[in-house]
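Novice: Sequence plus the predicted model coming up.
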Amino acid sequence: MTDATAMPTDAEAYRRMAFIRAFEDTALRWSHDGLIAGSIHLCFGQEAIPVGAAAVLRPEDRVLATYRGHGWALALGADPVAAFAEVAQRSGGLNGGRAGSPLLSAPEQGFLGENSIVGAGNPIATGVAIAQQRLGTGGVVLSAFGDGAMNQGATSEALAFAVARDLPVVFVCENNGWSEMTPTASTVRGELVDRARAFGLRAEVVDGCDPLAVATAVGAALDHARGGGGPVFLECRTVRLSGHYNRDIEHYRPKSDAEAARAREPLARMRLEGRVPAAEAEAAIQAASEQMAAVAATVAAMPEPDPATALEHLTADVPVPGDWGPATSRELTLQRAVNAALRDELATRPEVVVYGEDVGFAGGIFGVSRGLQKDFGAERVFDTPISESAILGSAVGAAMSGLRPVVEIMWADFSFVALDQIVNQAANVRYVNRGRLSAPLVIRTQQGITDGACAQHSQSIEALLAHVPGIKVGLVATAQDGYRMTRAAVADPDPVVLIEHRALYQVPGAVETGGPAETVGGARLHREGGDAAVITWGAMLPRALEAAERLAAEGIEVSVLDLRWLRPLDDEAIADRVARSSGRILVLHEDTTTGGFGAEIAARIAERHFDALAVPVRRIGTADIRMPSAPALQHALVPGTEEVVAALRALSRP
Ligand SMILES: Cc1ncc(C[n+]2csc(CCOP(=O)(O)OP(=O)(O)O)c2C)c(N)n1
């Protein structure tokens with residue numbers, strides 16, 4: 001049970017809120033004076049929520065908040081100097097200036113950070129809760145977000161996901177009535193709390209301007225979630241005392257609304273209600289202002305972050321390769337090889353969990369995870385709702401909290417509905433936190449064109465993802481690499497997307513399981529040949545090998561390099577191919593040609609190996625068109641062996 005002595009007295013709550021107010025006042029002044037660059041979002045009027053909640057949270061609990069989260073950081077015990085330095089983008093900031101006002105975090109205080117994408121923290125919170133459950137920490141996750149976020153799909157998915165798995169999450173909706181410049185009431189019918197109830201959460205409305213009411217409600221919610229009762233939703237009704245952000249002149253806001261906010265805001269109200277005598281309140285305000293002046297003076301003397309450090313902490317050093325145990329060779333299909341890799345990872349790392357749509361009991365729509373739930377249990381291998389944002393977001397949260405989640409996105413095309421969690425969330429964790437938090441997760445998916453697949457079940461996503469700093473991207477083309485790349489991905493300290501191809505699942509190959517461990521990165525040369533080289537990956541590898549075979553019969557020797565990993569990219573292997581293949585290079589991929597990753601390879605070769613090129617780099621990809629369903633139409637668009645052979649013949653002609 002929540003410790004009743006944890007409840008702050010009115011006077012103590014007032015003091016804590018007064019300091020947050022002084023902090024925000026100073027931040028606003030600094031921004032107006034040009035000492036803080038960019039937008040800041042201040043929590044004027046909402047101080048009672050973090051102060052009330054923090055009083056009843058335990059050290060093992062974790063908190064996520066929005067860009068309006070300075071108050072959460074302070075209430076949870078972050079050093080005010082480091083917090084203000086971060087808001088002011090100084091070297092001594094919590095995140096060394098990588099987060100600024102909207103993304104700051106204090107992991108040592110259980111504050112996993114703010115989020116600048118509305119609603120995005122909620123799926124992440126579910127993953128932190130999965131980790132709390134699995135690691136048996138006894139902790140609960142509190143996810144704070146605004147009322148506007150109730151209209152985000154990510155929030156709905158998170159509520160559904162949390163209920164489906166009975167996760168220990170307390171969702172705290174800080175309802176200040178405004179979604180930026182639009183009254184939330186104009187976008188919502190009925191009560192927000194009823195939405196949560198409809199999802200099956202225990203839910204209640206709380207007076208969010210009273211720190212003790214918040215502490216009482218959050219305390220009860222934490223007890224419920226901690227006791228295994230599942231997630232709780234609290235709608236804390238509060239007020240926004242200032243503009244949405246520092247330069248908001250609130251031209252859209254009725255005067256009456258601003259006046260009502262001033263009457264309800266927690267500091268004024270506690271005085272009005274006589275809960276804090278005027279003299280004591282004045283003294284608290286004075287003390288807060290003096291403390292904040294000292295904080296500001298310290299931060300003002302701090303240098304800006306060293307520009308030489310700007311490239312640090314994007315990804316960690318790859319681990320030193322170890323050993324995967326006794327090596328055994330056998331013939332496996334690609335599908336079975338990935339299954340074997342997942343099995344070996346589940347067997348050797350207790351922190352691995354495997355989940356996604358149909359992944360548990362049914363073993364995946366393509367059978368890749370078949371048998372894993374039976375052998376490793378439904379706690380570690382499980383099915384999820386059809387909620388891609390929640391699947392990916394929870395993977396981010398779980399990875400940040402000590403697990404190694406391997407999640408499946410059934411078709412690569414479906415990742416588009418949840419890209420935020422890959423691009424804005426997973427990719428940022430290490431950098432923004434300077435390595436104090438990381439997200440070692442694996443996203444497995446399959447992509448590509450097969451007969452009859454439609455325009456929404458055939459796209460190649462590698463160029464889009466490999467464009468994003470902070471994530472690693474690999475494409476699996478052989479059974480052997482299905483095993484090795486999957487295990488390397490799980491061992492990697494950063495987020496990895498592994499893309500398989502449906503058409504290759506049943507292709508068998510000799511697979512060595514166990515043996516010396518491999519790490520992420522590195523191309524594989526499949527064939528040597530000095531007349532030209534094909535640089536390829538994924539589904540086009542078999543086609544390139546077939547073309548090379550045909551040309552060998554004509555006396556043209558073509559080498560075939562499978563890049564395997566597009567990020568990190570094996571520049572050495574590319575340079576080596578240019579040098580050893582007479583400077584005649586064909587880049588071949590199944591993705592559409594314009595903006596495909598072939599463009600990057602061609603550009604790199606042109607920039608770095610121009611002198612070694614005999615002819616310009618040639619690219620072949622699928623035609624720039626939506627993929628039709630009829631195989632006859634598809635075959636007219638996808639590069640065939642004939643086209644590759646003809647291109648190589650032309651390329652290698654002296
Ligand atoms: C996904 C997304 N859409 C839009 C925005 C732009 N935006 C930033 S804050 C905000 C308002 C959110 O309102 P609410 O969730 O109620 O939080 P509050 O700002 O009131 O704390 C909007 C629309 C964003 N950051 N993320």
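Specialist: That came through fine.
Novice: show me the residues around the closest residue to the ligand within the stretch 251-400 of the chain that make contact.
Specialist: At 10.9 Å from the ligand, Ser389 is the closest residue in the stretch 251-400 of the chain, using C-beta to the nearest ligand atom. Just so you know, the C-beta spots here come from the backbone N, C-alpha and C atoms, and that holds for glycine as well. Going by C-beta atoms under 8 Å, 6 or more residues apart in numbering, Ser389 touches Pro123, Gly153, Ala154, Glu157, Ala158, Val417, Ala418, Asp420, Gln421.
Novice: Ser460 versus that one, what's the distance?
Specialist: 22 Å (C-beta to C-beta, to the nearest Å).
Novice: ok, now Glu590?
Specialist: From Glu590 to Ser460 the distance is 6 Å (C-beta to C-beta).
Novice: re earlier: among the contacts of Ser389, which two are most distant?
Specialist: Ala158 and Val417 (14.3 Å; C-beta to C-beta).
Novice: quick one, which of these two is more surrounded?
Specialist: Using other C-beta atoms under 10 Å, the more surrounded residue of Ala158 and Val417 is Ala158, with 34 against 14.
Novice: Strands of the stretch 101-250 of the chain, start to end?
Specialist: Taking DSSP state E, counting those that start in this stretch as the test, the strands found in the stretch 101-250 of the chain are 111-113, 141-146, 169-175, 178-179, 182-183, 202-207, 232-237.
Novice: Output those in TSV, with distance to Gly356, mean neighbour count and mean pLDDT appended to each entry.
Specialist: Converted to TSV, those look like this (distance: least, C-beta to C-beta, whole Å; neighbours: other C-beta atoms under 10 Å; pLDDT from 0 to 100):
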stretch	distance to Gly356	mean neighbour count	mean pLDDT
strand 111-113	23	26	98
strand 141-146	21	30	98
strand 169-175	20	30	98
strand 178-179	32	21	98
strand 182-183	35	14	97
strand 202-207	27	19	98
strand 232-237	25	25	98
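Novice: Of these, which is nearest Leu498?
Specialist: Nearest to Leu498, of the strands of the stretch 101-250 of the chain and by C-beta to C-beta, is strand 111-113 at 25.6 Å.
Novice: quick one: the closest one to chain centroid distance?
Specialist: From the chain centre to the centre of strand 111-113 is a distance of 14 Å (C-alpha atoms, centre = their mean, to the nearest Å).
Novice: Give the ranges of residues in this protein that sit below the confidence cut-off.
Specialist: Applying pLDDT under 70 to the chain flags the ranges 1-5, 654.
Novice: re the thing from before, sticking with the residue of the stretch 251-400 of the chain closest to the ligand, tell me its helix or strand.
Specialist: Assigned by DSSP states H and E, Ser389 belongs to helix 388-400.
Novice: give the contact list for the residue in the stretch 51-200 of the chain that the ligand sits nearest to.
Specialist: The ligand sits closest to Gly146 of the stretch 51-200 of the chain, with a gap of 2.2 Å, by C-beta to the nearest ligand atom. Contact analysis of Gly146 by C-beta under 8 Å, 6+ apart lists Thr66, Arg68, Val118, Cys173, Glu174, Asn175, Asn176, Ser179.
Novice: count of residues packed around the third one?
Specialist: Counted with other C-beta under 10 Å, residues neighbouring Val118 total 21.
Novice: quick one: contacts for it?
Specialist: Contact analysis of Val118 by C-beta under 8 Å, 6+ apart lists Thr66, Phe145, Gly146, Gly148, Ala149, Gln152.
Novice: Not counting sequence-adjacent ones, nearest residue to the last one?
Specialist: Which is Gln152. Gly119 (3.0 Å; C-beta to C-beta, 6 or more residues apart in numbering).
Novice: Make sure the one you found is actually in contact with Ala154.
Specialist: Yes: under the criterion of C-beta atoms under 8 Å, Gly119 makes contact with Ala154 at 4.0 Å.
Novice: Across the sheet, point out what pairs with the residue of the stretch 51-200 of the chain closest to the ligand.
Specialist: Glu174 (DSSP bridges).
Novice: that older thread, overlap of the contact sets of Glu590 and Ser460?
Specialist: Here Glu590 and Ser460 have Gly448, Gly538, Thr622 as joint contacts, going by C-beta under 8 Å, 6+ apart.
Novice: Lovely, talk soon.
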